[in-house]
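Q: everything below, folded, please.
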Amino acid sequence: MGMRGFSALAGKAKGLQIPGVKDIIAVASGKGGVGKSTTAVNLAAALANRFQLAVGLLDADVYGPSIPTMMKISGKPEANEDMKMIPKENYGVKCMSMGLLVEKDQPIVWRGPMVMSALEKMAKGVEWGKLDILVVDMPPGTGDAQLTISQRLQLSGAIIVSTPQDIALLDARRGALMFSKVNVPIVGIIENMSCFKCPHCDKPSYIFGEGGAKRTAAEMSLDYLGDIPIEINIRTCCDEGVPIVISSPESASARGYTDVAQKVIDKLQELAQTQHRPEISF
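A: Numbering: from 1, shown residues only. Next comes the predicted model:
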């Protein structure tokens, strides 16, 4: 299903509109360690390769940038005549990350204002060109950085990533509430690490609980976008810098990410047509 040229959402939260970028989607989590960056990478790769969209990927996780490793990109970006940075590109996705601007092992010890300045530079100081979707890998949590990004970028919507674990779901609720407060539509919830599939017998083990994100989505009147199991291939592909939707496009995990990408596209169309944000109940 092609989506090139779909319109930006009406009534989205006011903020910075990046020239040439039609829609900006935040991939967020209430806490770290739930697979947010892995989801962002595979979503971006699926949108670009399965649906032939023009896609960018902005790594807004300043303190823990992982996109350069996961997308196998390196080297400092060059600047064009307008002194805008030219994003690195791999797998058909244009990428920008703080990890490209500092030495690999250098810690980023910055206070809030410096982080905000860096994020704004990476957003509007980059020559993104014409994009159908810019996927933003958000910092984990619901602090100042997340709130500022939500207010300063003209987000079309946000995707919440969670594991089935109760404590992760509590944080996911907080993340959804934060976006609601700044008038950003919630595209839906993804349950990552839904189960562990034995590589020998393929039997699922629900080590973090079963179906928690789906129940949470129903309780909050949000769309459930799907679940992704724990599989060793996802981890090895991330470490090797090849998204699983690229390395093993017919695998169950890759099909899961592709299904999520389709639902994201459908939800964007739905929001654009209805021109209203979903009600969220808590």
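
Q: how about residue 211, phi and psi?
A: phi 70, psi 20 (degrees, to the nearest 10).

Q: wait, what's in contact with the residue lying closest to it once chain neighbours are set aside?
A: In space, and not counting its chain neighbours, residue 211 is closest to residue 164: 6.6 Å by Cβ to Cβ, 6 or more residues apart in numbering. C-beta: built from backbone N, CA, C; applies to glycine. Going by Cβ atoms under 8 Å, 6 or more residues apart in numbering, residue 164 touches 191, 193-194, 206, 208-213.

Q: with residue 234 as the reference, measure out to residue 27.
A: Relative to residue 234, residue 27 is positioned 16 Å away (Cβ to Cβ, to the nearest Å).

Q: ugh, typo on my part, it should be residue 70
A: Separation of residue 70 from residue 234 (Cβ to Cβ): 11 Å.

Q: joint contacts of the two?
A: In contact with both residue 70 and residue 234: residue 38, using Cβ under 8 Å, 6+ apart.

Q: what helices or strands is the helix ranked longest in the chain leaning on?
A: As assigned by DSSP state H, the longest helix anywhere in the chain is helix 252-274. Counting contacts by 3 or more Cβ pairs under 8 Å, 6 or more residues apart in numbering; DSSP states H and E, helix 252-274 is packed against strand 21-28, helix 36-49, strand 157-162, strand 186-197, strand 224-230, helix 244-247.

Q: give me the buried stretch members for stretch 177-186, please.
A: Under the neighbour-count criterion of 16 or more other Cβ atoms under 10 Å, stretch 177-186 has 178-180, 182, 184-186 buried.

Q: these in helices, which ones?
A: Using DSSP H, these in helices are 178-180.

Q: quick revisit: helix or strand: which one has the residue nearest to residue 211?
A: If you go by DSSP states H and E, residue 164 is not part of any helix or strand.

Q: any idea how far it lies from residue 92?
A: To residue 92, residue 164 is 32 Å away according to Cβ to Cβ.

Q: go on, residue 35?
A: Residue 35 is 22 Å from residue 92, by Cβ to Cβ.

Q: check residue 55 too.
A: From residue 55 to residue 92 the distance is 7 Å (Cβ to Cβ).
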